[in-house]
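A.B. asks: Sequence and computational prediction follow.
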Amino acid sequence: MDLAATLPEAQGTITIRRKSPDDVQQRQIIVKLDGENVGELFYGDTISIPVTAGHHRLRVDNTWNWKTVDLDVAAGDHLKFQTMSRAGRFSWFLVSLFGAGPIYVSIQREE
């Protein structure tokens, strides 16, 4: 989904992708910018969000765990991030025992 093309007045772009080979490929990751839901990522998905210059808060949430990144965007910036859901230390044991276990979310800035 490329939201940047829909708002020509946007001064920067934030792109979040979910393509890490370490991703457990379970649970959707909900993406919020400044408290507003801007999309959901399943494994293999990418979303680009147009933003105005200034301070923003990016949050990713897999309904079990969330991470928040505060960032500043300048005019013309294209900030790129990778997010993923990953198993915790005992997740697979708990999944095999109870049918569910904790899956954690992470987000990292890409260069």
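C.D. replies: Okay, I see it.

A.B. asks: And the pLDDT at residue 3?
C.D. replies: Residue-level confidence at residue 3 comes out at 55, pLDDT.

A.B. asks: And for residue 9?
C.D. replies: Listed pLDDT for residue 9 reads 57.

A.B. asks: and if you look at residue 83?
C.D. replies: 97.

A.B. asks: What of residue 103?
C.D. replies: We have a pLDDT of 80 for residue 103.

A.B. asks: just the one 3 residues further on next, same as before
C.D. replies: At residue 106, the pLDDT value in this model is 93.

A.B. asks: quick one, phi/psi of it?
C.D. replies: For residue 106, the backbone dihedrals (degrees, to the nearest 10) come out as phi -140, psi 160.

A.B. asks: Does it touch residue 69 like I think?
C.D. replies: No: Residue 106 lies out of contact with residue 69 (CB atoms under 8 Å); the separation is 10.6 Å. Glycine gets a C-beta too; all of them are placed from N, C-alpha and C.

A.B. asks: Show me the helices in the chain, by range?
C.D. replies: 91-98 (DSSP state H).

A.B. asks: low-scoring stretches of it, by residue?
C.D. replies: 1-10, 88-101 (pLDDT under 70).

A.B. asks: 80 instead, please
C.D. replies: The chain contains residues with pLDDT under 80 at 1-10, 87-102.
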